[in-house]
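K.L.:
Show me how the following folds:
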Amino acid sequence: MRESDLDDVMAIEQRAYPFPWTRGIFRDCLKAQYPSWVMTEHGCVIGYGIISLAAGEAHVLNICTAPERQGRGHGRRLLRALVGMARDQHAERIFLEVRPSNPPAIALYHSEGFNEIGRRPRYYPARDGREDALVMAMELVSDDITRMPPL
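P.N.:
Predicted structure coming up:
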């Protein structure tokens, strides 16, 4: 994702969410050099994902596909790309928050190996106040032969 993508990203963000991120939040993520990616189809931005990486952990900050493109596997591909980046950077686990009122996203995260580990009360703005967030996580460390102790 580049600054030049933000018009397209903002258009998707505003269509997809009743309480969208601001352009300033996206700019701050770019300035902080968080891995930020857009997914394109025929030269058009159709989705995006942003993660933060620190201290052996990754956090999915935002992942979204254009509403008219949802249900076609684009979100799954974006999520897998973010998880792959976290693994490449040797993160041991990856976290995300999701609204309990978003069952399609929850089902996607479960199907990709995320588990609910807690709740953040009143985390998201909502029409009638605030909505909790489900906190989900996935361990990324494998128990392959490279992790065996020396003989």
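K.L.:
Distance from the helix or strand hosting Asp28 to the middle of the chain?
P.N.:
Counting by DSSP states H and E, the secondary-structure element that holds Asp28 is helix 23-31. The gap between where helix 23-31 is centred and where its chain is centred comes out at 15 Å by CA atoms, centre = their mean, to the nearest Å.
K.L.:
just checking, next helix/strand downstream of it?
P.N.:
Once helix 23-31 ends, the next helix or strand along the chain (criterion: DSSP H and E) is strand 36-41.
K.L.:
Give me the sheet partners of that following strand and which way each runs.
P.N.:
strand 44-54 (antiparallel) (DSSP bridges).
K.L.:
Buried ones in the strand it pairs with, by neighbour count?
P.N.:
For strand 44-54, the buried set under the neighbour-count rule, 16 or more other CB atoms under 10 Å, comprises 45-53. For glycine as for every other residue, the C-beta is placed from the backbone atoms N, C-alpha and C.
K.L.:
my read: Tyr48 touches Ala66, true?
P.N.:
No - the criterion here is CB atoms under 8 Å, and Tyr48 misses it with Ala66 at 9.5 Å.
K.L.:
if we can go back for a sec, what's next to the helix holding Asp28, contact-wise?
P.N.:
Outside helix 23-31, the residues that touch it by CB atoms under 8 Å, 6 or more residues apart in numbering are 1-3, 6, 9-10, 13, 36, 50, 61-62.
K.L.:
nearest to Arg99, of those?
P.N.:
Asn62 (12.9 Å; CB to CB).
K.L.:
Mind pulling up the pLDDT for Gly71?
P.N.:
Gly71 is assigned a predicted lDDT (pLDDT) of 89.
K.L.:
so who does it touch?
P.N.:
When contacts are counted by CB under 8 Å, 6+ apart, Gly71 touches Pro104.
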